[in-house]
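Peer 1: Predicted structure and sequence below. I'll ask about it afterward.
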Amino acid sequence: MLLEEVMTSLKKLANPKSVEGMARYGINPEGTLGVSLPNLRKIAKEIGKDHELAAELWATGIHEARILAALVDEPGQVTVEQMDVWATGFDSWDVCDQCCCNLFEKTEYAWEQLVAWSSREEEFVKRAAFALMACLAWHDKSATDTQMKKLLPVIKRESWDERNFVKKAVNWALRNIGKRNENLNRAAIKAAREIEKQDSKAARWIARDALRELTSDAVQKRFKAGI
């Protein structure tokens, strides 16, 4: 499918009222059409995988085109350089998260990139590190507990960051690691209790919110049931 055809389809689905609603949830309204994610997924299915088209969609700078780019790109053709360029271009949490969960986590560079990005200053690049952690904890069934545990010191180190989109991603990563299995649940709870002792409002929020879920009856019963 040609770029012009895709952009025509996106513009036909544009919804200014949706853009207003998205802005209320912290999504940058600039360059945003208001196309729903289900519609984007439908278009992506029609397109199939297309690395060159993904690059063209990203280059438009349009919010939905960039999410679509992550949906149609081919993980095997993604380079570290591309990941860095795209991450530096993130200007909304949803574009960041969609790229991490639909594309970046499927590349061979996911683990090295999340470590590299975790100490970056840019808000959405740093968020990408922890969003990627959360996605891998949820989806990467081949990852070992040892690999996952190595992420906990990174989470503890960066829990001081007060920026909303960073601290929420740090919390997300901690919770997803702790929900992976009983062994990691114990490790994540231990890490959360250590984070809670930090002299940081962000760290205390991250820890307490994570502990509420990780120690909840729902999560603990799931482990006892072997689910």
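Peer 2: That came through fine. Please read all numbers here as calculations on a predicted model, not as lab measurements. Numbers count the residues shown, from 1 in each chain.
Peer 1: going forward, measure contacts and count neighbours with C-alpha atoms only.
Peer 2: OK.
Peer 1: what's near enough to touch the closest residue to Lys106 other than its chain neighbours?
Peer 2: Leaving aside its sequence neighbours, Lys106 sits nearest to Pro75 (Cα to Cα, 6 or more residues apart in numbering; 5.8 Å). Going by Cα atoms under 8 Å, 6 or more residues apart in numbering, Pro75 touches 103-104, 106-107.
Peer 1: Kindly report the same for Lys126.
Peer 2: Residues near Lys126 by Cα under 8 Å, 6+ apart: 117-120, 166.
Peer 1: For it, give its distance to Glu162.
Peer 2: Separation of Lys126 from Glu162 (Cα to Cα, to the nearest Å): 12 Å.
Peer 1: picking up where we left off before, return the subset of the contacts of Lys126 lying in helices.
Peer 2: In this view, the contacts of Lys126 that belong to helices under DSSP state H are 117, 166.
Peer 1: List the buried residues of the lowest-mean-pLDDT helix or strand in the chain.
Peer 2: Lowest by mean pLDDT, DSSP states H and E among the helices and strands of the chain is helix 16-24, with a mean of 87. In terms of neighbour count (16 or more other Cα atoms under 10 Å), helix 16-24 has its buried residues at 18-19, 22.
Peer 1: and if you look at stretch 71-84?
Peer 2: 71-75, 78, 83.
Peer 1: so Ala131 sits right up against Trp172, yeah?
Peer 2: Yes - between Ala131 and Trp172 a contact is recorded at 7.3 Å, counting by Cα atoms under 8 Å.
Peer 1: The two: who's more crowded?
Peer 2: Between Ala131 and Trp172, counted using other Cα atoms under 10 Å, the more crowded position is Ala131 (29 against 21).
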